[in-house]
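Colleague: got a sequence here, can you model it:
(chains A and B)
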2 protein chains.
Amino acid sequence: MTHGETFALFLGLGVILAGARLLGEVARRLGQAAVLGEIIAGILLGPTVLGRLAPASFATIFPQQGASWTVLDGMSTVAVALFLLVAGMEVDLSRMWRQGRTAAAVSVAGLLFPFALGLGAAWMAPGLMGMSAGGDRLHFALFMATALSISALPVIAKTLMDLNLFRTDIGMVVIAAAIFQDLAGWISFAVVLSLIGTGSGAGFSLGGTVVAVLAFTLAMLTVVRWLFHLALPYVQAYASWPGGVLGVILSAALLGAAFTEWIGVHAIFGSFLVGVAVGDSSHLRARTRATIEQFVSFVFAPLFFAGIGLKVDFVAHFQPGLVAVVLVIACVGKLIGAGFGARLTGTPWRESAAIGLAMNSRGAMEIILGTLALQYALIDQPLFVALVIMALTTSLMAGPLIQRVLARPKARRFVNHLTVKGFVPHLRAGDAEAAIHELAAAAAAASGGDAGRFADAALQRECSMPTGLSNGLAVPHARLPGLSAPVVALGLARPGIDFSAPDGRPAEVVVLLITGDDEHAGQLDLLADIARTFADEAARELVLKARGYTELLAALRTAGAG
Amino acid sequence: MTHGETFALFLGLGVILAGARLLGEVARRLGQAAVLGEIIAGILLGPTVLGRLAPASFATIFPQQGASWTVLDGMSTVAVALFLLVAGMEVDLSRMWRQGRTAAAVSVAGLLFPFALGLGAAWMAPGLMGMSAGGDRLHFALFMATALSISALPVIAKTLMDLNLFRTDIGMVVIAAAIFQDLAGWISFAVVLSLIGTGSGAGFSLGGTVVAVLAFTLAMLTVVRWLFHLALPYVQAYASWPGGVLGVILSAALLGAAFTEWIGVHAIFGSFLVGVAVGDSSHLRARTRATIEQFVSFVFAPLFFAGIGLKVDFVAHFQPGLVAVVLVIACVGKLIGAGFGARLTGTPWRESAAIGLAMNSRGAMEIILGTLALQYALIDQPLFVALVIMALTTSLMAGPLIQRVLARPKARRFVNHLTVKGFVPHLRAGDAEAAIHELAAAAAAASGGDAGRFADAALQRECSMPTGLSNGLAVPHARLPGLSAPVVALGLARPGIDFSAPDGRPAEVVVLLITGDDEHAGQLDLLADIARTFADEAARELVLKARGYTELLAALRTAGAG
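Modeller: Model prediction:
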């Protein structure tokens, strides 16, 4: 690479990553998935906005030819393969088997109905569905059927976790069904790709590719999965840690990707199945999983998703009619298919609707599918734009709508209720009672409530049973009738205040928690969250060293989160 | 990218990563640095071996033209920039200032003497030193001077840690001096690059580039460093964790790299200084540091180091005379410079020699410098091969020679003394005495020693003070005269055996440790290591679930290591 190309490569990478992460964070703060912000960052930096407003800057940062562009393109191909590796690692095959009848009904109905709807619509009205002139009608219809029936496990899992539904019955059914649909969707796409003959290097025939895909899938789900499970303890025992296991997983993913590319389907299929095979092993340590997942989701994935906006002009190719048709057919297919599947096995209406809404999220998977279809000229840019918008819309509507249908609250974190006024860096109190009064005053200042009522309620609770926990933490708390939102105050005490903790240690961190009396689950959730946060010793030390509200918040938010 | 190029990209990446990690592990098992194995993997996969023996396979996996080669090249450029980011993050500026006189003397003498020696030798005898015909003598001499005076902080730190010297006086002096030399070496190289005019895109003059380099360095070490320190708590408090901080550090590194490339010096200089600036903040959490470091050292760095062997034929360009000259001048310069520097400030002879040997390691830094010089045609392939061999030789000899000079033992881990015969998966004993007898028998079987002597000694110690620690761990131990190596046996007990632990919990893991009586430090080190290992709760659970020696080893080796 020349000097100028190296410069453009680093500048382009740096700008994409910074932009994608920044807007990803903004999206997250607005309660949306980070991927939305990442794609918008790409649209802003790409031909749609920057290319229109400042063509010269755009050409400097992202020269659309030359080595730097090739490298960015190659890195985004690697990034998407690694993203699918992580998605595969989240697939829990044993959970899929355990969910039984409902999951099976949701999977099959949620797959077949949208598939049939997509196939029918695209076959009957290819023009309306956005087929480009001269396209092959069968290939196009098969692709649309696959595109409408796929789901997005990572987005669905994230939505369920946000709503505290992940470990409930509904959550388990949805996850099991999504795992099945992910597997089926990618296999179906692999078959579509082999049908259109993407130019396999190994010269496989169509039948050969299909057989190779099925054999590879079967091998990964059985023999290879078992080999990984056998090999991991040896790797962790005899190779360096975590370098050995990172090397095994990533090189297996890359070689798997090369293999599926060789047999004539896309690379991501191989890395996805490697992820499924290795992620299922109980020998894989949570720390390894987290390292791979964090690096991929926060570094590689933003490169890929922002990269989408760099290649396509979203304004020039926006066709409202096509967007509306794709969106409606997509929602109708999944909501009816998955929802009725659940209802048929006796799930109540509300829950069935929630299952349908959850399965409707298309997220990143749809976008990846669309990118590949665009690359192989199966679809053209207007339909790609419509698919991206459909993917984002279905993902964004899932959370709020499920919350409304089930009336579920979001996962509770006490730190979300802790404002700057509720933080007392130096408690002056010498005993528990005075400390509770001091914190009640801070809580009242933070919430506009009555300090006396807060203190009385907490003291009454304190008398019946002291709230000192181990490790220098005390959590005086109480319920107050009519309180609409939880009130939290946090104080630090040196050398510490006696709260009659079982280990005899005085409390250096005192958290006062006042909740409404109707929210039984809320109080317990928040108390558990406080205990979990302070179980992280490093975080506890950072909290004690915090010199202001921001440092305190930094310590609390980074605690125990892996 | 076409189908064939995508295939070649994934295949090439997978083969490089698998080969580099595998040989990296082999090197590590032989007590050498992983980088040695990684480079050898590249030589085996490159033109030197695979290209000679199987040219067709070589051309399939690594086509030396086309998009996949460009992407591999671009990724290895990004990889080396990230490697320098991590190297920069290890620089601790405050430690550098604290070490005072000796560190200053070692730094300055260890920098100036090899610099003068290299400058003189290359200027007087450019042919002997490997200058290519038609090269510019001044540029070449300046480059050789820099190449001989640079050191390699990561390798040096690793050697010191292996020898348990990292936190000693010698260790501190060496690290402080290496930090200074790293900074000075890279600034000097930046100046050399700007001298030869690598074709700056911004059209800086030579003076302009030098001023820009110095201003950038100063800004990164002062203002930007302070801004990072201020910003990190906000990022950790308000952005997602660890995505926010990963995004900030990596995009800053990429943009810093783009900036230094733009002003006419290489990209790695920018990412190195970003690393120094951000790594110095006490707000940076160890977990973030570890995630970046692990991904870079185990994924990106192997790509770069193995990539070196892919580009150069190490057999065709091996010139023994040149290798010998470069090696001798390199060692003489550093040993005399750094060693005398230490001696002049009153350090004893042995320690001075050890300091000289430690500073002599050139490691990865020299290889990176050589790669760039080769790329800019400052040197040709034979000298590059000589520099790589010199870098590896000086790094490999440091550890064993320092150990001999100082008679230092290696860092002790009890798991290294635990063999399959020393593992008792189910202790049958019901009390502490019987458990000690059972483990003593296993220890005797493992070591060929006398079970009765082991048991008697441990029981005697047990009577004077019980060895139950908290969290279900007991460590009966004793010293025995004349024992040459420590003997370890580990047993698991369910429901647990009472070892009079302070928390009253019966011991589920019992480790018997018998050491020689002359190794005072050895016993304490091993006891501390056992306690540290079992402080990791996740590891403790895995140990209890271990169904065999390999699973046990996997649990112990992955414990607490970040």
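
Colleague: where's A:His3 relative to B:Leu53, distance?
Modeller: Counting by C-beta to C-beta, to the nearest Å, the separation of A:His3 from B:Leu53 is 36 Å. C-betas here are computed from N, CA, C, even on glycine.

Colleague: try A:Ala79
Modeller: Noted for A:Ala79: a distance of 34 Å to B:Leu53, by C-beta to C-beta.

Colleague: name the residue in the two with the higher neighbour count.
Modeller: More neighbours surround A:Ala79 than the other of A:Ala79 and B:Leu53, with 19 against 10 (other C-beta atoms under 10 Å in any protein chain shown).

Colleague: host element of that one?
Modeller: Using DSSP states H and E, A:Ala79 sits within helix A:67-89.

Colleague: and if you look at A:Glu5?
Modeller: Using DSSP H and E, A:Glu5 falls in helix A:3-29.

Colleague: report the distance from that helix to the chain centre.
Modeller: Taking C-alpha atoms, centre = their mean, to the nearest Å, one finds the center of helix A:3-29 at 20 Å from the center of the full chain.

Colleague: for that helix, buried residues please.
Modeller: By neighbour count on 16 or more other C-beta atoms under 10 Å in any protein chain shown, the buried set for helix A:3-29 is A:3-28.

Colleague: near chain B, from these?
Modeller: A:3-4, A:6-7, A:9-11, A:13-15, A:17-18, A:21-22, A:24-25, A:28 (C-beta under 8 Å from any C-beta of the partner chain).

Colleague: helix/strand/coil for A:Ala501?
Modeller: When classified by DSSP: H, G, I helix; E, B strand; the rest coil, A:Ala501 comes out as coil.

Colleague: skipping adjacent residues, who's closest to it in space?
Modeller: Spatial nearest neighbour of A:Ala501, excluding adjacent residues (C-beta to C-beta, 6 or more residues apart in numbering or on different chains): A:Gly468 at 3.1 Å.

Colleague: surely that neighbour touches A:Ala493?
Modeller: No - A:Gly468 is beyond contact range of A:Ala493, at 11.9 Å (criterion: C-beta atoms under 8 Å).

Colleague: in which helix or strand would I find the residue of chain A positioned farthest from its centre?
Modeller: The C-alpha centroid of chain A is most remote from A:Gly430, which lies 45.7 Å away (C-alpha atoms, centre = their mean). Assigned by DSSP H and E, A:Gly430 falls within no helix or strand.

Colleague: who touches it in this structure?
Modeller: Neighbouring residues of A:Gly430 by C-beta atoms under 8 Å, 6 or more residues apart in numbering or on different chains: A:Ile497.

Colleague: cool, and A:Ser57?
Modeller: Applying C-beta under 8 Å, 6+ apart to A:Ser57 gives the contacts A:Leu50.

Colleague: that one is in what secondary structure piece?
Modeller: Short version, using DSSP H and E: A:Ser57 is in helix A:55-61.

Colleague: returning to that earlier point: now do the helix holding A:Glu5 against helix B:67-90, angle only.
Modeller: If you take axes from the mean of the first three to the mean of the last three C-alpha atoms, to 10 degrees, helix A:3-29 sits at 70 degrees to helix B:67-90.

Colleague: quick check: next helix or strand after helix A:3-29?
Modeller: As assigned by DSSP H and E, the chain's next helix or strand after helix A:3-29 is helix A:34-45.

Colleague: by how many degrees do that following helix and helix A:3-29 diverge?
Modeller: Computed by the same axes, to 10 degrees, the angle between helix A:34-45 and helix A:3-29 is 140 degrees.

Colleague: pull out the buried residues from helix A:34-45.
Modeller: Residues of helix A:34-45 classed as buried by neighbour count (16+ other C-beta under 10 Å): A:34-43, A:45.

Colleague: chain B next: which of the residues you listed are close?
Modeller: Subset of these in contact with chain B: A:Ala34, counting by C-beta under 8 Å from any C-beta.

Colleague: out of the buried residues of helix A:34-45, which is nearest to chain B?
Modeller: For the buried residues of helix A:34-45, the residue nearest chain B by C-beta to the nearest C-beta is A:Ala34; the value is 7.3 Å.

Colleague: just the pLDDT at the closest one, thanks.
Modeller: pLDDT for A:Ala34: 80.

Colleague: mind listing what it touches?
Modeller: Listed by C-beta under 8 Å, 6+ apart, the contact set of A:Ala34 reads A:24-25, A:27-28, A:302, B:240, B:243.

Colleague: what pLDDT does A:Leu524 get?
Modeller: Listed pLDDT for A:Leu524 reads 81.

Colleague: and the gap between it and chain B?
Modeller: Per C-beta to the nearest C-beta, to the nearest Å, A:Leu524 is found 23 Å from chain B.

Colleague: against A:Ala440, how distant is that residue?
Modeller: Computed as C-beta to C-beta, the A:Leu524 to A:Ala440 distance reads 21 Å.

Colleague: more neighbours: which of those two?
Modeller: Using other C-beta under 10 Å as the criterion, A:Leu524 and A:Ala440 rank with A:Ala440 on top: 27 against 12.

Colleague: and A:Val191, how far from A:Phe295?
Modeller: Distance from A:Val191 to A:Phe295, by C-beta to C-beta: 32 Å.

Colleague: can you list the residues of the stretch 101-250 of chain A near chain B?
Modeller: Within the stretch 101-250 of chain A, the residues that sit near chain B (C-beta under 8 Å from any C-beta) are A:198-201, A:232-244, A:246-248, A:250.

Colleague: restricted to buried residues, select these in PyMOL.
Modeller: Applying 16+ other C-beta under 10 Å to these, the buried members can be selected in PyMOL as follows:
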select buried, chain A and resi 198+200+201+232+233+234+235+236+237+239+240+241+242+243+244+246+247+248+250
